[in-house]
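K.L.:
Fold the following for me, if possible:
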Amino acid sequence: MEQQIFLQGTTPEALIEKFNESVKLQLEDFKKNLNTHNPDELLTRTEACKFLKIEQTTLYHWQKAGKIKMYGIGNRRFLKKVELMECLILKK
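P.N.:
Numbers count the residues shown, from 1 in each chain. Okay, here's the model as predicted:
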């Protein structure tokens with residue numbers, strides 16, 4: 001069943017303006033969320049496994065095979081989230 005919408009008391013120009021305002025607000029919200037992403041975000045091994053939905057043994061094998069790189073501070077190891085995303089991209 002088709003739904004009909006009746007717009008009474010509005011002009012096409014007013015409707016276009018309302019539409020533009022709505023799109024502008026959505027784009028601003030999108031930009032705010034985009035800018036909060038930190039490309040240099042570091043993840044612990046546990047966080048990386050949760051992010052990738054893999055076991056720690058898989059992460060260990062990927063690191064030994066050179067597929068991912070770990071960074072160390074003291075005895076702790078971290079992975080860059082952006083690098084994890086890049087290793088997931090298929091390379092031709």
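K.L.:
Pretty sure residue 44 sits against residue 78.
P.N.:
Yes. Applying Cβ atoms under 8 Å, one finds residue 44 in contact with residue 78, separated by 6.3 Å. To be clear about C-beta, it is placed using only N, CA and C from the backbone, and glycine gets the same treatment.
K.L.:
more neighbours, those two?
P.N.:
Neighbours per residue, other Cβ atoms under 10 Å: of residue 44 and residue 78, the larger number sits with residue 78, 16 against 12.
K.L.:
Give me the packing partners of the helix or strand containing the more buried one, helices and strands only.
P.N.:
For residue 78, the element it lies in under DSSP states H and E is strand 76-80. Applying 3 or more Cβ pairs under 8 Å, 6 or more residues apart in numbering; DSSP states H and E, one finds that strand 76-80 contacts strand 42-44, helix 45-52, strand 71-73.
K.L.:
Tabulate those (JSON lines), appending mean pLDDT and distance to residue 64.
P.N.:
Output for the helices and strands packed on strand 76-80, formatted as JSON lines (pLDDT from 0 to 100; distance: least, Cβ to Cβ, whole Å):
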{"stretch": "strand 42-44", "mean pLDDT": "94", "distance to residue 64": "18"}
{"stretch": "helix 45-52", "mean pLDDT": "93", "distance to residue 64": "13"}
{"stretch": "strand 71-73", "mean pLDDT": "91", "distance to residue 64": "15"}
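K.L.:
can you tell which of those is closest to residue 10?
P.N.:
Residue 10 lies closest to helix 45-52 among the helices and strands packed on strand 76-80, at 47.4 Å (Cβ to Cβ).
K.L.:
which residues make contact with that closest one from outside it?
P.N.:
43, 55-56, 58-59, 70, 77, 79, 81, 84, 88 (Cβ atoms under 8 Å, 6 or more residues apart in numbering).
K.L.:
could you flag which of those residues are buried?
P.N.:
For those, a neighbour count by 16 or more other Cβ atoms under 10 Å gives the buried set as 43, 59, 70, 77, 79, 81, 84.
K.L.:
Show me what the fifth one is bridged to.
P.N.:
Residue 79 forms beta bridges with residue 43, as assigned by DSSP bridges.
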